[in-house]
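Undergrad: Quick one, structure for this:
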Amino acid sequence: MVSIEQVDSPATGKTSTAAAAAEAAPSGYVSDGYETASDTELNGTENGSNRESENTINMASSSSDGDLLKEKTQEQQPEVNQEQLNEALESDCDELRFCPLPFQLSLLPILGLHWKALAQANDAKVEGNALFKDGLYEEALSKYELALQVAADIPSSTEIRSICHANRAACFTKLGKHEETIKECTKALELNPTYIKALVRRAEAHEKLEHFEEAITDMTKILELEPSHDQARRTVMRLKPLADEKREKMKEEMIGKLKEMGNSILGRFGMSVDNFKTVKDPNTGSYSVQFQK
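TA: Residues are numbered from 1 along each chain as shown. Sure, this is the predicted structure:
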């Protein structure tokens, strides 16, 4: 089960204490970052006025520095193209730590939306799992489909989407819809070609439909990925005779159809395919056709 950690993007738009104080000062109180006190203010309050003047200077300086820092950050913030965005979204947080800070900041709003969507998709998947356990397969299908729709455009959602397709395949298996099982497993494997559980489910669905060759192919792929997979090994051994038998049966059916077609043509000339005999050459294994009355 995929565990998605939701990370909220930091709040923006907060005004610094210094900037707030500067905005709260009376109009005209600060001009060029320094202002002298009037004679009235100096009477009996010289020390306090001096401290207020110093604070005013500091606040103005802080506000000015903040504006300069903001402008500098905006100038340094790189433009993020789609390729960079996809690479960042597919990276984990550890890799993003080594990116420049302005680049990280530019990604926060987008990453926040993506992480939120992933969390919603995971919630829908978990609900689908609960419905599946309760035997409510149609309802579970709807939840897995919802998860797929929510995560559809997120580059880092490959894992959860492949799982949802495989889970939908399990639902269709329970409902006896083996063709749909094969389709969903194929979609899961397109996202994750080494997904063993999807290979097993698709092979089992192929066997149900007597697609023995296809089932053997999937089980053989599993053995390539995991040589110790006992179920795959036993299934291949069990299905090979069935596949050979079906192949021979199909060959006989094809020959029968060819005979019917040949008789319909040769009958116009008073002949049939029985007038022709195929003889196998023991040395080469090839066949020759001989005419007999």
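Undergrad: going forward, measure contacts between C-alpha atoms and count neighbours the same way
TA: Noted.
Undergrad: Keeping just the C-alphas, turn whatever helix or strand T186 lives in into PDB.
TA: Per DSSP states H and E, T186 falls inside helix 178-191. Taking Å, rounded to 0.1, in the frame of the first residue of the first chain, the C-alpha atoms of helix 178-191 are listed here in PDB:
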ATOM      1  CA  HIS A 178     -11.500 -11.800 -17.700                       C
ATOM      2  CA  GLU A 179     -11.100  -9.700 -20.900                       C
ATOM      3  CA  GLU A 180     -11.300  -6.600 -18.800                       C
ATOM      4  CA  THR A 181      -8.800  -8.100 -16.300                       C
ATOM      5  CA  ILE A 182      -6.300  -8.500 -19.200                       C
ATOM      6  CA  LYS A 183      -6.900  -4.900 -20.300                       C
ATOM      7  CA  GLU A 184      -6.300  -3.400 -16.800                       C
ATOM      8  CA  CYS A 185      -3.200  -5.600 -16.200                       C
ATOM      9  CA  THR A 186      -1.800  -4.400 -19.500                       C
ATOM     10  CA  LYS A 187      -2.300  -0.800 -18.400                       C
ATOM     11  CA  ALA A 188      -0.600  -1.500 -15.100                       C
ATOM     12  CA  LEU A 189       2.300  -3.100 -16.900                       C
ATOM     13  CA  GLU A 190       2.700  -0.200 -19.300                       C
ATOM     14  CA  LEU A 191       3.400   2.000 -16.200                       C
END
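Undergrad: Give me the contact list for the helix or strand following it.
TA: Of the helices and strands lying after helix 178-191 in sequence (DSSP H and E), the nearest is helix 196-208. Helix 196-208 is touched from outside by 166, 169-170, 173, 178-179, 181-182, 185-186, 188-189, 212, 214-216, 218-219, 221-222, 232, with contacts defined as C-alpha atoms under 8 Å, 6 or more residues apart in numbering.
Undergrad: Point out the other helices and strands that the helix holding T186 packs with.
TA: If you count contacts as 3 or more C-alpha pairs under 8 Å, 6 or more residues apart in numbering; DSSP states H and E, helix 178-191 packs onto helix 158-174, helix 196-208.
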